[in-house]
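**Q** only geometry, no sequence info:
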């Protein structure tokens with residue numbers, strides 16, 4: 001296998017084989033880095049793919065070949081952060097949407113003496129309690 005600096009220089013000049021070999025050399029490292037960031041295979045695959053697409057598009061602009069490793073990891077970190085923001089945004093919701101009563105009289109679950117009389121209310125409050133606990137753990 002070629003020396004890494006030579007490979008990077010050839011890839012910068014547009015050599016598709018050199019770019020492919022760079023992907024082969026670095027894919028596992030970038031995937032593992034992303035996996036440790038998310039502990040999610042699909043997100044790690046997504047970040048790795050985006051990282052190498054970006055590498056392919058922007059490699060010619062890399063000024064110093066010796067900075068390739070930090071440059072590549074910076075791209076990966078940025079995509080990890082982007083995916084984390086997307087993931088966080090998709091999990092957001094308003095607590096105002098969680099009205100347990102929906103027009104019924106509201107009461108505090110802890111103060112209810114008749115909680116086993118209405119299974120629907122019991123289930124709603126149980127789900128609400130679980131959801132709130134999950135939100136508090138974030």
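**A** That came through, no problem. Only a predicted model underlies this, so the values are computations on that prediction, with no experimental measurement involved.
**Q** okay, CA-based contacts and neighbour counts for the rest of this
**A** OK.
**Q** now the helices for this structure?
**A** Listed in chain order, the helices of the chain (DSSP state H) span 4-12, 16-38, 41-58, 68-90, 119-137.
**Q** who touches the third one?
**A** Under the criterion CA atoms under 8 Å, 6 or more residues apart in numbering, residues 19, 23, 27, 30-35, 38, 72, 75-76, 79-80, 83 lie in contact with helix 41-58.
**Q** how about the helices of the chain in a markdown table, adding mean pLDDT and mean neighbour count?
**A** Shown next, in a markdown table, are the helices of the chain (pLDDT from 0 to 100; neighbours: other CA atoms under 10 Å):
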| stretch | mean pLDDT | mean neighbour count |
| --- | --- | --- |
| helix 4-12 | 92 | 17 |
| helix 16-38 | 96 | 17 |
| helix 41-58 | 96 | 18 |
| helix 68-90 | 93 | 15 |
| helix 119-137 | 76 | 12 |
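**Q** quick one on the thing from earlier: which two in the contacts of helix 41-58 are spaced the farthest apart?
**A** Taking CA to CA, the two most distant members of the contacts of helix 41-58 are 19 and 38; they sit 26.6 Å apart.
**Q** report the residue ranges of every domain in this protein.
**A** Per automatic domain parsing, the structural domains of the chain span 4-90, 95-137.
**Q** which outside residues touch stretch 19-35?
**A** For stretch 19-35, contacts defined as CA under 8 Å, 6+ apart pick out 7-8, 11, 41, 43-45, 47-48, 52, 56, 73, 76-77, 80.
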